[in-house]
Structures are given as C-alpha cells and as structure tokens.
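Engineer: Fold the following, please.
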Amino acid sequence: MPIISSELVSSTWQTVGASSGAQVRGLQARHNKTQRALGLFVYDEFLSYREEAAGVGIYVYHVVLEMFMQARPRLKRVRRAQLEQVLADLSAAGENAPANAIAQSPEPHALRYVHEALYQYQGDVALSEDEGERIFRFMQAVIIALHDASSK
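Structural biologist: Numbers count the residues shown, from 1 in each chain. The predicted structure is shown next:
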C-alpha cells in the first residue's frame, strides 16, 4: 500500500518550490543528516551528469525525500547496500516504460511526480532523452528503497 498520497505530493512540491534559498539549504542539510548514506549515493550519481541535469535530479530527489520524511510511518535510514540491491533488481528486470513503472511502483504518486517534474515542468532546463531516462530510473530505485525503509 502506498505511503505517499497525491495530496502529500502536491503540498510538498509546492512548499519546496516556494522556499527561499536559505530554506532549501536548511532542507538539504536536514536531509543529508538524516539520510547521509542515501544522500551521498544520490549526489555521487547525479553529479556525474551535466550540471543542469544534475541540478534537476538533485532537486527532484530532495522533494521526494521530503515527501517520505513527512509521511507516516516514520522513515528509517536507507543504506547504500539497499539502494544498490534495488538498482540491481531493476536492471535485471529490464527496461520498463514509465507508465508501466508508475503503475507497478509501490509509490505511484511519488514516481508520477518524478516523471512530471522531468518531462512536463522542466522550466529553463531541457533534459536530453538519455538524461531524463537515467534520472527517472535512478529515482525509481530511490523511491522503492524509501518505501521499503518506511514499511519496516
């Protein structure tokens, strides 16, 4: 059963989007403190991308993490090994169209947000098809790991 509702998705991305620079830095610091291993892994991945694509990926990650931090049950720490296992499982399962991935996700509202953020609300940043797919697939794994860490 999903932990993240469509209402939580909407209120979270609107709140984060309306935040000042100082508020966003505070959010990032809180996230990096509570989910250090996950944050290091995510930043390591996204900082290997083109600067603009990295910025989009990191922003989407923080919005998604904030959703899980506001949800109940309480989020436990995600370990690097957990995320690596989810990534391996997704890779073994093969490519899955975004619509199918969203429908099969344990958190369809959160993954739909990721898809919309990457493809519908890009603003000034135009992602290449490869960048969008890579960020989507990686965030799919992050969402599964966060769901698992919230369900335990």
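Engineer: Now name the helix or strand holding the spatially most central residue of the chain.
Structural biologist: Geometric centre of the chain, nearest residue: residue 61, 3.7 Å, by C-alpha atoms, centre = their mean. Using DSSP states H and E, the element containing residue 61 is helix 51-70.
Engineer: Show me the contact partners of whichever helix or strand comes after that helix.
Structural biologist: Per DSSP H and E, helix 51-70 leads on to helix 80-93 as the next helix or strand towards the C-terminus. For helix 80-93, contacts defined as C-beta atoms under 8 Å, 6 or more residues apart in numbering pick out 37-38, 40-41, 137-138, 140-142, 144-145, 148-149. Glycine gets a C-beta too; all of them are placed from N, C-alpha and C.
Engineer: residues contacting the residue lying closest to residue 2 once chain neighbours are set aside?
Structural biologist: Spatial nearest neighbour of residue 2, excluding adjacent residues (C-beta to C-beta, 6 or more residues apart in numbering): residue 107 at 5.3 Å. Contacts for residue 107 (C-beta under 8 Å, 6+ apart) come out as 2, 3, 4, 143, 144, 146, 147.
Engineer: Swap in 7 Å and give it another go.
Structural biologist: With contact set as C-beta atoms under 7 Å, 6 or more residues apart in numbering, residue 107 has these partners: 2, 3, 4, 143, 147.
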